[in-house]
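Visitor: need a 3D model of the sequence below.
(2 chains)
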Amino acid sequence: MLCALPALPAFAQSEGLYGPVAENAVRGGRLNMGLLVEPPGLDPFHQAADARIRITVLVYQGLFYESPSGEAVPLLAESYEVSDDNLVYTIKLRQGVKFHNGAEMTAEDVAYSYNYIRNPENGSPGAGDFSMISDIKAVDPTTVEITLSEPNASLPMTLGNKYGAVVPAGYFDDEAAKNLMNSESVGTGPFKLVEFVPNSHIVLDRNEDYWEEGAPYLDGIDFAILPNSASMLVALRNQRVDLVALTRPQDVQQVQQVEGLEIERWPSLGQASVDLGSETKPLDDVRVRQAISLAVDKEEVMKASIGDFGQVLGTIPAGLQERWGLPLDQVPMQGPDIEAAKKLLEEAGLGNGFTLTLTTINGYDWMDPAAVTLREQLAKIGVTVDIQRVDLGVWINNFRSSQMGFTFNDWASQPDPNLLFYRHFHKKPEGADFRNWNNDEASALLDEGRATSNPEERREIYNKFQTILAETVPTIMLFSPDHITVRSQRVQNYVQHPTGWYYGLARAYLSD
Amino acid sequence: MGKYLVKRLAASLLTAFLASMLVFLLVRLVPGDVVAQMMGQAGGETAANALREFFGLDQPIYMQYLAWLMKVLQGDLGVSWTRGMPVTTMIGQAFLVTLEIGLLTLLVATIIGVPLGILAGIYEGRPLDTAIQSFNILGLAAPVFWVGLMLLVAVSSLFSWSPPLRYVPPTRSLGDNLAILALPILSLGLLQVAAYSQFVRQNVVSALHQEYVRTAIAKGVPVRIIFFKHILRNVLIPIITFMGLILIQILGGVVIIESLFALPGLGRLLLTAIETRDYPVLQGALLIVVVAAMVVNLLVDLAYRLIDPRVRVS
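Guide: Numbers count the residues shown, from 1 in each chain, chains lettered A, B, ... in the order given. Have a look, this model is predicted:
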């Protein structure tokens, strides 16, 4: 017997895909959005950078949409059924969906696209996320059947919009296609790519054939790439830019008093954290990691880094806390508790202190003040911190080879605990275990959480996992920086998605 | 002359070859590659290796170099790894933007800097000279970045105006083009005006102290004739030499200004190519810069030989 799942969760009346449906939306007009970071490419299959995803969610679509509350809502899918053993997903596709090139989307295209991305030989950074899929086939033009090798409750979320998308079958048969996605638009999304001029601008136009009636409201979006925040603020003041997402609190303060500009804060799925790689001595001793965790005053680090524009974390990013987080008052090993920390160091035979090198990454503004604050905090328990600043390329190399040592990290995931935790914290070879944590109990819980679809049971399992995470400290999650958007008053109905991706542009409109 | 030209060309080719090898190796010394950048914190090793194979990064470096060299010799600089565009197109577009900024800045610097320098030289030691020199010191000391930012903020708060964000080539609309470039050129120009006028002033002062000028003054030759016939003519030659130096300085400052004003020029192209480890763009752009410098040097040398008989080779 198949258990049918409802096509749409019980949304608030006005909540639609990508953002709230506007009641009196004005159609037309072009919105100017400023980008501080240029996407290093617009290919959803081969490019992992967040700056890419923010834009491509408007052009390309997967089968599901990651709703801000953490549900996978059918997008190009219409509904789906799961077999009793939780291994076979039968997905009914939305009908009447057209690619930007005019062709009708069919089950063949869906099967092709996901088969392409899940094959690691095709070089997608997302391939690992799809490794639990053993088969995808088109049953009929509007039905796709996905078979898993083991149950995985986050399959729908994985079929979202972070990696991959549905593109016409055979698209990548042409080797050159890997390079064409910066100039071609072959998605199904509400906007089409018109032009991407590196170091200058990106132009998107409304997809006139978009499948959802009435959406989007704008005629188009012009992204101006301006890598300098001082220039961006001047452009905002002079209405060269209607909307921008800012990250530095000092930038926000500069436009706070400007008339006609609205500043808004949104919860985020991002996290600023300190990672403690067990390959680095003496971090291999759990007592040392615990002592560091107890010495850290997260509130103080956040204040120093981003002021009040964020939320202090326990063991999960702010956007996931309510649904999946271990209640903050139950998180073990939270500081500051200097006495307890010192005692642990003495037990570890390091009562006289030791020296640690803390790595920060060039270009991440919050890390510099955070590093200085952390150095002061750890000095209180006799740990001397040397700060080492490295280039992102160097840092990624260390990270990927599990040689991260003691470092700041800045990352985000989709709103799902399995997608957040599994790869980062499961033992090798199933996970990547970047921090050499090598924790059997935690890995078993991650397996169990992934296979469980009952939300209450899942929550229990992930709470246990988070308790172990906090107790044995492979990472210390510090805070989630809020997403901060600044918009001119003519921009209406823009809602920032917790991922930081610009879904909301599909629901934004311009007054007048 | 013909023999000399052949010799110089052969030497240039050898230099270009060595430079291309150096450039190729240097860009690969920067840790992390385009695949690590594309993968970020995600992706497994199989996928990463598949991409390395696609880009040819799995080959030994000398093989990669030979493959690249073969294509370069056919005039093909390859395709950008992150943008999918031909490198020659990208460099061509970016180069025109930077060249326009450079030439216009040079023009502005010459038009303002030379008269200022002449005035300061003629009025040596007087208040006007002091005023101009004070301005020069300020101009030489202020960093380009700071000047650009201050101009941007000042113009914005005084006139509630800031330059449009999307670059428009002069062929499409000269007015829009100049609206976009006015502030960047002024920011870059300030330093060059100062350097220029300081240089010209020194030349004028030293010319004024030459005996033939003093003789002319003593003979009662009209000041205008002394100035145009005796001073300006002697000062013009070093000024023209100085132009080359100024142009090179401008191209150095242009990287910063292009980022500040969102201009898609060569400096920003290089910067993004370094950030994304886009080797084809990086190698292509650096090679073009090296070759361009060599061509300019060669032309200068040749011109020198044509003009000045004393350095003519037999």
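Visitor: nearest residue to the residue in chain B that chain A sits nearest to other than its sequence neighbours?
Guide: Nearest residue of chain B to chain A: B:G32, at 2.4 Å (Cβ to the nearest Cβ). The way it works is simple: take the backbone N, C-alpha and C, and place the C-beta from them, glycine included. Leaving aside its chain neighbours, B:G32 sits nearest to A:G393 (2.4 Å; criterion: Cβ to Cβ, 6 or more residues apart in numbering or on different chains).
Visitor: can you pull the contacts of the one you found?
Guide: B:30-33, B:36-37, B:277 (Cβ atoms under 8 Å, 6 or more residues apart in numbering or on different chains).
Visitor: I'd like the next helix or strand past whatever helix or strand it lives in.
Guide: Assigned by DSSP states H and E, A:G393 belongs to helix A:392-400. Using DSSP H and E, the next helix or strand after helix A:392-400 towards the C-terminus is strand A:406-412.
Visitor: ok so, going back, are any of the contacts of A:G393 buried, and which?
Guide: Buried by 16 or more other Cβ atoms under 10 Å in any protein chain shown: B:31-33, B:36-37, B:277, out of the contacts of A:G393.
Visitor: now pLDDT too, for those residues, in TSV please.
Guide: Below are the buried ones among the contacts of A:G393 laid out as TSV (pLDDT from 0 to 100):
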residue	pLDDT
B:P31	76
B:G32	78
B:D33	83
B:A36	81
B:Q37	78
B:R277	87
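Visitor: let's see which of the residues you listed end up in helices.
Guide: Using DSSP state H, the subset of the buried ones among the contacts of A:G393 located in helices is B:36-37.
Visitor: need the max-distance pair from the buried ones among the contacts of A:G393.
Guide: B:P31 and B:Q37 (11.2 Å; Cβ to Cβ).
Visitor: could you measure from the residue lying closest to A:V88 once chain neighbours are set aside over to A:V383?
Guide: Computed as Cβ to Cβ, 6+ apart, the closest residue to A:V88 that is not its neighbour in sequence is A:T147, at 5.3 Å. Using Cβ to Cβ, to the nearest Å, we find A:T147 at a distance of 51 Å from A:V383.
Visitor: could you do B:L260 as well?
Guide: Distance of B:L260 to A:V383, given as Cβ to Cβ: 40 Å.
Visitor: over to A:V234?
Guide: 43 Å.
Visitor: what's the answer for A:G41, then?
Guide: For A:G41, the distance to A:V383 - Cβ to Cβ - is 41 Å.
Visitor: of the two, which one has the most company?
Guide: Using other Cβ atoms under 10 Å in any protein chain shown, the more surrounded residue of A:G41 and A:V383 is A:G41, with 28 against 24.
Visitor: tell me which element the more buried one falls in.
Guide: Using DSSP H and E, A:G41 falls within no helix or strand.
Visitor: that one against A:A51, yeah?
Guide: No. With contacts counted by Cβ atoms under 8 Å, A:G41 stays clear of A:A51, the gap being 9.4 Å.
Visitor: can you show me the helices along chain B?
Guide: B:2-29, B:34-39, B:45-55, B:61-73, B:87-122, B:127-141, B:144-159, B:174-208, B:211-219, B:223-225, B:233-260, B:266-275, B:279-307.
Visitor: pLDDT of the fifth one, averaged?
Guide: This points to helix B:87-122. What helix B:87-122 shows for mean pLDDT is 90.
Visitor: now do the last one
Guide: Helix B:279-307 carries an average pLDDT of 79.
Visitor: and it, is it in reach of chain A?
Guide: No. Shown here: helix B:279-307 not in contact with chain A (Cβ under 8 Å from any Cβ of the partner chain), separated by at least 9.0 Å.
Visitor: and the contacts of stretch B:106-120?
Guide: Against stretch B:106-120 from outside (Cβ under 8 Å, 6+ apart): B:128-129, B:132-133, B:135, B:185-186, B:189, B:192-201, B:203-204, B:232, B:235, B:239, B:243, B:246-247, B:250.
Visitor: scratch that, stretch A:139-155
Guide: A:72, A:85-93, A:95, A:106-108, A:110-111, A:114, A:132-138, A:158, A:416, A:418-419, A:449-453, A:458.
Visitor: give me every residue that touches A:Y502.
Guide: A:33, A:54-55, A:57-58.
Visitor: out of these, who's nearest A:E430?
Guide: For the contacts of A:Y502, the nearest to A:E430 is A:V57 (28.3 Å; Cβ to Cβ).
Visitor: wait, the closest one sits on A:Y503?
Guide: Yes. A:V57 is in contact with A:Y503 according to Cβ under 8 Å; the separation is 5.6 Å.
Visitor: may I see the buried residues of the helix holding A:G393?
Guide: Applying 16+ other Cβ under 10 Å to helix A:392-400 flags A:392-400 as buried.
Visitor: top helix in chain A by residue count?
Guide: Chain A, longest helix under DSSP H: helix A:455-472.
Visitor: name the helices or strands packed onto it?
Guide: Packed against helix A:455-472 by the contact rule (3 or more Cβ pairs under 8 Å, 6 or more residues apart in numbering or on different chains; DSSP states H and E) you find helix A:286-295, helix A:318-324, helix A:417-425, helix A:440-451.
Visitor: of those helices, which is nearest A:G189?
Guide: Of all the helices and strands packed on helix A:455-472, helix A:417-425 sits nearest to A:G189, with 21.3 Å by Cβ to Cβ.
Visitor: so how far is B:P169 from the most centrally placed residue in chain B?
Guide: With distances taken as Cα atoms, centre = their mean, B:L251 lies nearest the centre of chain B, 2.1 Å away. Distance, B:L251 to B:P169, using Cβ to Cβ: 19 Å.
Visitor: so A:I396 versus chain B, what's the distance?
Guide: Distance from A:I396 to chain B, counting by Cβ to the nearest Cβ, to the nearest Å: 5 Å.
Visitor: my read: that residue touches B:V35, true?
Guide: No. Using Cβ under 8 Å as the test, A:I396 is too far from B:V35 to be in contact (10.0 Å).
Visitor: how about A:A169, secondary structure?
Guide: For A:A169, the assignment made with DSSP: H, G, I helix; E, B strand; the rest coil gives coil.
Visitor: scratch that, A:M232
Guide: Under three-state DSSP, A:M232 comes out as helix.
Visitor: I figured it was touching A:V241, is that so?
Guide: Yes. With contact defined as Cβ under 8 Å, A:M232 counts as touching A:V241 (6.9 Å).
Visitor: so for the two, which sits in the more crowded spot?
Guide: Per other Cβ under 10 Å, whichever of A:M232 and A:V241 has more neighbours is A:V241, with 27 against 24.
Visitor: residues in the stretch 251-400 of chain A within reach of chain B, list them.
Guide: Counting by Cβ under 8 Å from any Cβ, the residues of the stretch 251-400 of chain A that sit close to chain B are A:391-394, A:396-397, A:399-400.
Visitor: quick check, nearest of the residues you listed to chain B?
Guide: Relative to chain B, and with distances defined as Cβ to the nearest Cβ, the nearest of these is A:G393, at 2.4 Å.
Visitor: so how far is A:A442 from the closest one?
Guide: 30 Å.
Visitor: now do B:L269
Guide: Using Cβ to Cβ, B:L269 is found at 46 Å from A:A442.
Visitor: more neighbours: which of those two?
Guide: B:L269 (28 against 25).
Visitor: quick one: contacts for that one?
Guide: A:198-199, B:90-91, B:94, B:281, B:285.
Visitor: so which of the residues you listed is surrounded by the most neighbours?
Guide: Going by other Cβ under 10 Å, B:V281 tops the contacts of B:L269 with 29 neighbours.
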